[in-house]
Every structure is written in C-alpha cells, then in structure tokens.
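# Return atomic coordinates for the entry below.
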Amino acid sequence: MSKIILLLNIMISSLSWANGVLIKAQLDPQEITLPEGYKFWSQQETEAITSRPLRDEIMSSSTLFLQGQIKMSDFSQLLQEWSEKGFNSQERMVLIDTLQKSKLPLTIKNRWLCRLDLERNCPRVKIFTKHLAPILQKYEWLIIDGKAYPRVSWNEISIVDEPLTWVFLSSRFETYIFKGHWDDLKLRNPNLKDWVTGDCSQYTVADS
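So this is what the prediction gives:
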C-alpha cells in the first residue's frame, strides 16, 4: 500500500513539474495533445502562451524586414535565435509568408522554409527511436523546434538535416535539452534524474 501511495505522490508532483516545463518552453497549447494524466491547460496558461512576446517580436521584425529596415544578415541571425526558443503554429505561418516574399538568397530561403513548413516537400532525415540511447527512449515527449511529438509517433518524424533544438520531456525524469544534428543526438546518453526522490515519509522534488 505504501508503494502505491508513494507512486501517486511522485506522479502528482512530477506531472506538475513536467507541465511547468511545457509552459516555460512557451509552446502553442493548441499544437499539443497532452497524454492522459497531465494537468489540463488553464485559461491563464493558455493566454500567457498564445500571447507570448516572441510572437509579437517575430511579427514586427518580419514587417520591418520586408520594408527593408532590417538587413538580410540580421534577419538570418534572428531566425536562428528564434528557432532555439521553438516556434508555435502562428509564428511558423508568419515566417513562411515572410520568407516567400523576401529577397533572401534562394539557398537560405529554402533551408528555412523546409525547417518551418513541416508539410513542404524537402530532403529530410527519418528518425528511428531504436537509434536513440536507451535512456532517451524512456522520455515521453520529444519537442523539435517547438513542435511536440508523443513517443508513440517518434518513428514517424522526418526532419531537415541541420542543427535543431531538441527537448525531451517526461512525467518522471528531468527534462533533457540538446541543440545539434540528429547524428550527434543519437550518441547522447545523459544522466537520468528523477523529478522526485525519496519515500512517502520524506521525499524531495527537483528544482525546476
């Protein structure tokens, strides 16, 4: 009985922390179908995410870029900085439209269009879960450039062959973040840390 109580305590605490990580990632809740057991998005959380400053920055900077008030090199740098924070669906649409109207060199334009438009017909690399280190396979969610995928769909993911931002989420283990190529990610074998340690009488929740 004590083991069941401990498990429930761990799950409640860890699910809350994992959901907090999703909020910190500032993703679009409409893109994520949370697994059963995760805390539902509150109205306050939803508003905070969908109105996040990054979206406003992307929209205003895109307008200035098309008006010639931001240099191509500077806008390319902004694209890289934004990608490390992850895009939600609205931001992807704004940037795709901006790139299509821009006079960026074709190679740069197509590279970003392939990265932003997940439906675009581009050369892509297939992800296979079996190629991940066993530790990484224990996570439940994988977020690539802001797009979230449950573990059951990982073998169906195709990505562009360039450095991306990878976020591994779990209701049990601390979040793991990696920035780089898929080939480099496959070799990663990070230390696996529980969100909660201890027993029913005395347990500790990891810092967020």
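# Could you find the closest non-adjacent residue to Arg151?
Of all residues not flanking Arg151 in the chain, Glu140 sits nearest, at 5.4 Å (CB to CB, 6 or more residues apart in numbering). (C-beta placed from N, C-alpha, C; glycine too.)
# which outside residues touch stretch 126-142?
If you take CB atoms under 8 Å, 6 or more residues apart in numbering as the criterion, stretch 126-142 is touched by 35, 148-151, 154-155, 157-159, 166-173, 176, 182, 185-190, 192.
# Now do the buried residues in stretch 78-92.
By neighbour count on 16 or more other CB atoms under 10 Å, the buried set for stretch 78-92 is 78-79, 82-83, 85-88, 90-92.
# Those residues into JSON lines, with extra columns for pLDDT and distance to His131?
Converted to JSON lines, those look like this (pLDDT from 0 to 100; distance: CB to CB, whole Å):
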{"residue": "Leu78", "pLDDT": "94", "distance to His131": "32"}
{"residue": "Leu79", "pLDDT": "93", "distance to His131": "28"}
{"residue": "Trp82", "pLDDT": "90", "distance to His131": "28"}
{"residue": "Ser83", "pLDDT": "87", "distance to His131": "23"}
{"residue": "Lys85", "pLDDT": "81", "distance to His131": "27"}
{"residue": "Gly86", "pLDDT": "82", "distance to His131": "23"}
{"residue": "Phe87", "pLDDT": "84", "distance to His131": "25"}
{"residue": "Asn88", "pLDDT": "81", "distance to His131": "28"}
{"residue": "Gln90", "pLDDT": "84", "distance to His131": "32"}
{"residue": "Glu91", "pLDDT": "88", "distance to His131": "30"}
{"residue": "Arg92", "pLDDT": "90", "distance to His131": "27"}
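# I'm done for today, thanks for sticking with me.
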